[in-house]
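Undergrad: Output the structure for:
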Amino acid sequence: MNKMMIAAATVLLLAGCASNSATSAKIDELSDQVKALQSDVRMSGDAAKAAQEEAKRANERIDNIAQSYRK
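TA: Got it, this is the predicted structure:
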């Protein structure tokens, strides 16, 4: 009976270690995905800011052209 309990405890312990390893691998994978998404968000934000600045410059050029026709 004691040998059976020890064997069962060993199996449970090994199973627990295996699942922790799998859990750690999954956490690492998810962390990598989060880093990639953060990078994408940062690049998208930079692109949006650049587009907004370019639109502002284009509007200023259009305003300058419109003012030159009024004079």
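
Undergrad: which residues of this protein score low on pLDDT?
TA: For the chain, residues meeting the criterion pLDDT under 70 lie at 1, 4-5, 7-8, 11-19, 70-71.

Undergrad: please redo it, this time with the cut-off set to 90
TA: By pLDDT under 90, the low-scoring segments of the chain are 1-27, 65-71.

Undergrad: where do the helices sit along it?
TA: All helices of the chain, identified by DSSP state H, fall at 2-70.

Undergrad: residue nearest the centroid of it?
TA: Centrality entry for the chain: nearest residue to the mean C-alpha point is residue 37, 2.2 Å, by Cα atoms, centre = their mean.

Undergrad: gap between that one and residue 55?
TA: Counting by Cβ to Cβ, to the nearest Å, the separation of residue 37 from residue 55 is 26 Å. Quick note: C-beta positions are derived from backbone N, CA and C, even for glycine.

Undergrad: Please apply the same query to residue 41.
TA: Applying Cβ to Cβ to residue 41 and residue 55 gives a distance of 21 Å.

Undergrad: for residue 36, same thing?
TA: 29 Å.

Undergrad: What of residue 30?
TA: Using Cβ to Cβ, we find residue 30 at a distance of 37 Å from residue 55.

Undergrad: And stretch 32-46, what's buried?
TA: By neighbour count with 16 or more other Cβ atoms under 10 Å, stretch 32-46 contains no buried residues.

Undergrad: Please state the offset of it from the chain centre?
TA: With Cα atoms, centre = their mean, to the nearest Å as the basis, the distance from the averaged C-alpha position of stretch 32-46 to the chain average is 5 Å.

Undergrad: Can you give the contact residues for that stretch?
TA: Residues outside stretch 32-46 that contact it (Cβ atoms under 8 Å, 6 or more residues apart in numbering): none are found.

Undergrad: Return the alpha-carbon coordinates of that stretch using PDB.
TA: Once side chains and other backbone atoms are set aside, the C-alpha atoms of stretch 32-46 remain, and they are given as PDB (Å, rounded to 0.1, in the frame of the first residue of the first chain):
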ATOM      1  CA  ASP A  32       6.100  37.300 -27.000                       C
ATOM      2  CA  GLN A  33       2.800  38.000 -28.600                       C
ATOM      3  CA  VAL A  34       2.100  40.900 -26.300                       C
ATOM      4  CA  LYS A  35       5.500  42.400 -27.100                       C
ATOM      5  CA  ALA A  36       4.800  42.000 -30.900                       C
ATOM      6  CA  LEU A  37       1.400  43.700 -30.500                       C
ATOM      7  CA  GLN A  38       2.900  46.500 -28.400                       C
ATOM      8  CA  SER A  39       5.400  47.100 -31.200                       C
ATOM      9  CA  ASP A  40       2.600  47.100 -33.800                       C
ATOM     10  CA  VAL A  41       0.600  49.600 -31.800                       C
ATOM     11  CA  ARG A  42       3.600  51.900 -31.400                       C
ATOM     12  CA  MET A  43       4.300  51.800 -35.100                       C
ATOM     13  CA  SER A  44       0.600  52.400 -35.900                       C
ATOM     14  CA  GLY A  45       0.600  55.400 -33.500                       C
ATOM     15  CA  ASP A  46       3.700  56.800 -35.100                       C
END
